[in-house]
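> let me see the structure of the following:
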Amino acid sequence: MKLHLLSCGPWTVLAVYADEERCDVLDLAIGLRRDDPRECARLMRAFERLSASGPPRNVRRSRALAHDIFELKTRGALRILEDQ
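Have a look, this model is predicted:
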């Protein structure tokens, strides 16, 4: 399994590669940086907050979808799945 470090603190935020070449989270961030830089900045801040404080307790920012699977949301309505 290939991983990419997104943010590090008391918690570590990693992106998992789907295969040897493709990482959906990185592909999303690259596309956002090009097409919507403000939303990309929101996503990066969300990763930084996640690594500093752990999963958000605010259901507007993160909520459980299934056992140990959560969605991480930005103000711009971007949603990323996270596994604890």
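> buried ones in the longest helix belonging to the chain?
Assignment by DSSP state H gives helix 37-53 as the longest helix of the chain. For helix 37-53, burial by neighbour count (16 or more other Cβ atoms under 10 Å) applies to 39-40, 42-44, 46-47, 49-51. Any C-beta I mention is one placed from the backbone N, CA and C, and that applies to glycine too.
> what pLDDT is listed against residue 81?
Listed pLDDT for residue 81 reads 68.
> all helices of this structure, in order?
24-35, 37-53.
> turn those helices into a markdown table, including mean pLDDT and distance to residue 72.
Formatted as a markdown table, the helices of the chain follow (pLDDT from 0 to 100; distance: least, Cβ to Cβ, whole Å):
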| stretch | mean pLDDT | distance to residue 72 |
| --- | --- | --- |
| helix 24-35 | 92 | 10 |
| helix 37-53 | 91 | 6 |
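> tell me which of the ones you listed sits nearest to residue 11.
Closest approach to residue 11 among the helices of the chain (Cβ to Cβ): helix 37-53, 4.9 Å.
> so what does the closest one touch, helix or strand wise?
strand 3-8, strand 12-16, helix 24-35, strand 79-83 (3 or more Cβ pairs under 8 Å, 6 or more residues apart in numbering; DSSP states H and E).
> can you check what angle separates the third one from helix 37-53?
Note on geometry: by axes from the mean of the first three to the mean of the last three Cα atoms, to 10 degrees, helix 24-35 and helix 37-53 are set 140 degrees apart in direction.
> what residues does helix 24-35 touch?
Applying Cβ atoms under 8 Å, 6 or more residues apart in numbering, the contact partners of helix 24-35 are 4, 6, 15-16, 18, 39-40, 43-44, 78, 80.
> ok, stretch 1-11 next?
Contacts to stretch 1-11, defined as Cβ under 8 Å, 6+ apart, come from residues 12-17, 20, 23, 25-26, 44, 47-48, 50-54.
> how does it look with 7 Å?
Contact with stretch 1-11 is made by 13-17, 20, 23, 26, 47-48, 50-52, 54, as judged by Cβ atoms under 7 Å, 6 or more residues apart in numbering.
> just those now: which is nearest residue 73?
Out of the contacts of stretch 1-11, the member with the shortest distance to residue 73 (by Cβ to Cβ) is residue 50, at 11.7 Å.
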